[in-house]
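> only geometry, no sequence info:
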Ligand SMILES: [Zn+2]
């Protein structure tokens, strides 16, 4: 029987968040060589192009050489589409719940395809191979889904599933994830993630969905490092591509 696995995934990787990302990655590296799936945002909040920072490029290339994987994570990581024709539930999801970070929730197929292509060309220019696309806040609307199916990406993920493309084969595997925007959210995150970790203790795959913002919160950091330590007792660390059997 193949051993159980753990995927360490770092969301919101960009030159703009690199200080926080580095704190998290340094802590993960303290356990030895853990291959991490880095969810990189090509132009985070319109203010940080991935190719414009030599220090960032060098740091990512060093990690790729050691076995990390880069996946594309939105383009601007901002949901700037209008809210007018949306239902109250969808508005709640796009505003209060995800702080308007769900960039691919409301884009039409043309706009989504353009952003996917722009992102891919940036990764191409850097020579970084990319198999996965993970929409910010895991929100992918109908336009985004259509564009993604035709984009050449080989996998995507939702909060609860990994999905290979273009066949759409889906593997249930809920991600642990914290919301750190308020004290209350962190308390709820601690309780819910502790429960989820226990529920998934015998699952084939444990997904640890770290976010750059978690680095500023000692309670989140303690949770992640404790969880990773526990996982490494019985699980092999792999990237998402490795778990899905996709060659880089
Ligand atoms: Zn994100």
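Yep, it's here. Nothing here was measured: the structure is a model prediction, and the numbers come from that model.

> quick one: average pLDDT of the helix or strand containing residue 62?
In this assignment (DSSP states H and E), residue 62 forms part of helix 54-65. For helix 54-65, the mean pLDDT works out to 97.

> go on, stretch 215-230?
The average pLDDT for stretch 215-230 rounds to 97.

> buried residues in that stretch?
215, 217, 220-221, 223-224, 227-228 (16 or more other Cβ atoms under 10 Å). For every residue, glycine as well, the C-beta is placed using N, CA and C.

> out of those, which is nearest to the ion?
residue 215 (13.8 Å; Cβ to the ion).

> measure the closest one to residue 232 for me?
20 Å (Cβ to Cβ, to the nearest Å).

> what does this protein have sitting close to the ion?
Selection of the chain residues close to the ion by Cβ under 5 Å from the ion yields 11-12, 136.

> is it possible to get CSV of the residues you listed that adds neighbour count?
Formatted as CSV, the residues of the chain next to the ion follow (neighbours: other Cβ atoms under 10 Å):
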residue, neighbour count
11, 28
12, 24
136, 25
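
> for these, which one is nearest residue 206?
The shortest approach to residue 206 among the residues of the chain next to the ion belongs to residue 11, at 16.2 Å (Cβ to Cβ).

> can I assume the closest one is in contact with residue 212?
Yes - at 6.9 Å, residue 11 counts as touching residue 212 under the criterion of Cβ atoms under 8 Å.

> what ranges do the helices span in the chain?
In the chain, the segments counted as helices under DSSP state H are 18-29, 54-65, 88-92, 109-126, 142-149, 183-199, 218-232, 240-244.

> right, so those: which one is the most enclosed?
helix 240-244 (a mean of 21; mean count of other Cβ atoms under 10 Å).

> tell me what the helix holding residue 62 is packed against?
With contacts taken as 3 or more Cβ pairs under 8 Å, 6 or more residues apart in numbering; DSSP states H and E, helix 54-65 sits against helix 18-29, strand 36-40.

> pLDDT weak spots in the chain?
Along the chain, the model assigns pLDDT under 70 to residues 1-2, 79, 81-100, 247-248.

> can you rerun that using 90?
1-3, 46-48, 78-108, 138-142, 181-182, 247-248 (pLDDT under 90).

> gap between the most centrally placed residue in it and residue 183?
With distances taken as Cα atoms, centre = their mean, the residue of the chain nearest its centroid is residue 11 (3.9 Å). Distance, residue 11 to residue 183, using Cβ to Cβ: 21 Å.

> quick one, what contacts the closest residue to residue 240 other than its chain neighbours?
Distances taken as Cβ to Cβ, 6 or more residues apart in numbering place residue 37 nearest to residue 240, at 4.7 Å, with adjacent residues excluded. By Cβ atoms under 8 Å, 6 or more residues apart in numbering, the residues touching residue 37 are 7-10, 68-69, 71, 132, 239-241.

> how about 6 Å then?
9, 69, 71, 239-240 (Cβ atoms under 6 Å, 6 or more residues apart in numbering).

> residue 36 now?
Going by Cβ under 6 Å, 6+ apart, residue 36 touches 8, 10, 68.

> show me what it bridges to in the sheet.
Beta-bridge partners recorded for residue 36 (DSSP bridges): residue 8.

> and stretch 41-50, how far apart are its ends?
Its start and end residues considered, stretch 41-50 measures 8 Å (Cα to Cα, to the nearest Å).

> re earlier: does the residue nearest to the centre of the chain touch residue 211 like I think?
Yes - here residue 11 reaches residue 211: they are 4.6 Å apart, a contact under Cβ atoms under 6 Å.

> thought residue 238 was touching residue 4?
No - under the criterion of Cβ under 6 Å, residue 238 is not in contact with residue 4, lying 10.3 Å apart.
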